[in-house]
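Chemist: Sequence and predicted structure are below.
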Amino acid sequence: MTKVRLFVAILIPQDIRDSIAELMADIQKVRGLPRDIRFVPPENWHFTLTFLGYQDESAIPNISTSDVDKIEVRFEKLIYGPPGPRPRMIWLTTTGQTSEELGKIKEKLEDKLETKGIKWQRELRPYRAHITLARFPETPFGNLPPIEKEIDWRYEARGIRLMKSTLKRTGAEYKVI
């Protein structure tokens, strides 16, 4: 049986992608960022709700992503993430309320996946909604230039999508299933 690497995500509309791209163009000019920073390509920007890992291709029809109400996604900040003394990413975060609402959607989705017999490693930490915009080796926070910025963008998410992730030498490629 063929295995595929899957995750469930909320996609970003084009107008928000354009705003993020402008923000990232400014960030890429900041002096002092880690030399080996890798910026995530715009086509890969999304909110991961649940990472399912490698699944049998036959499990795909059992992964329902249709029972989700519309939700307002509201962005809050550009920060280094995860928060702590040695971040390794640049994140675009949402408000606490958005994280909480998306966390409830994630929980409902995962409960359904369990009833359908899908096996994966369930994340037990509270959900913190963010888009990963760049990755770099863990770096002491004090060695990073300031980038934090308040963001007040919003959009209405219209459902969640099952995504296939293919790992390649040039980076991951994502495709909506």
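Modeler: Yep, it's here. Residues are numbered from 1 along each chain as shown.
Chemist: what's the longest helix along the chain packed up against?
Modeler: Among all segments of the chain classified by DSSP state H, the helix with the greatest residue count is helix 96-115. With contacts defined as 3 or more C-beta pairs under 8 Å, 6 or more residues apart in numbering; DSSP states H and E, helix 96-115 has these neighbours: strand 46-56, strand 71-81. In short, each C-beta sits where N, CA and C put it, glycine included.
Chemist: what's the average pLDDT for it?
Modeler: The average pLDDT within helix 96-115 is 93.
Chemist: Grab the nearest non-local neighbour of the residue most central in space within the chain.
Modeler: Taking C-alpha atoms, centre = their mean as the criterion, residue 47 is the residue nearest the geometric centre of the chain, at 3.2 Å. Leaving aside its sequence neighbours, residue 47 sits nearest to residue 10 (C-beta to C-beta, 6 or more residues apart in numbering; 4.2 Å).
Chemist: Looking at the one you found now. What's its pLDDT?
Modeler: 93.
Chemist: would you say it is within a strand?
Modeler: Yes. Assessed with DSSP: H, G, I helix; E, B strand; the rest coil, residue 10 lies in a strand.
Chemist: So it sits against residue 94, correct?
Modeler: No. Using C-beta atoms under 8 Å, residue 10 is not in contact with residue 94, being 10.4 Å away.
Chemist: The two - which one has more neighbours?
Modeler: Shown here are residue 10 and residue 94; by other C-beta atoms under 10 Å, residue 94 has more neighbours (25 against 22).
Chemist: Okay, and the beta partners of the more buried one?
Modeler: For residue 94, the beta-bridge partners are residue 75 (DSSP bridges).
Chemist: Low-confidence regions, the chain specifically.
Modeler: Residue ranges of the chain with pLDDT under 70: 64-69.
Chemist: quick one: secondary structure of the closest residue to residue 43 other than its chain neighbours?
Modeler: In space, and not counting its chain neighbours, residue 43 is closest to residue 174: 7.3 Å by C-beta to C-beta, 6+ apart. For residue 174, the assignment made with three-state DSSP gives strand.
Chemist: Fine by me, thanks again.
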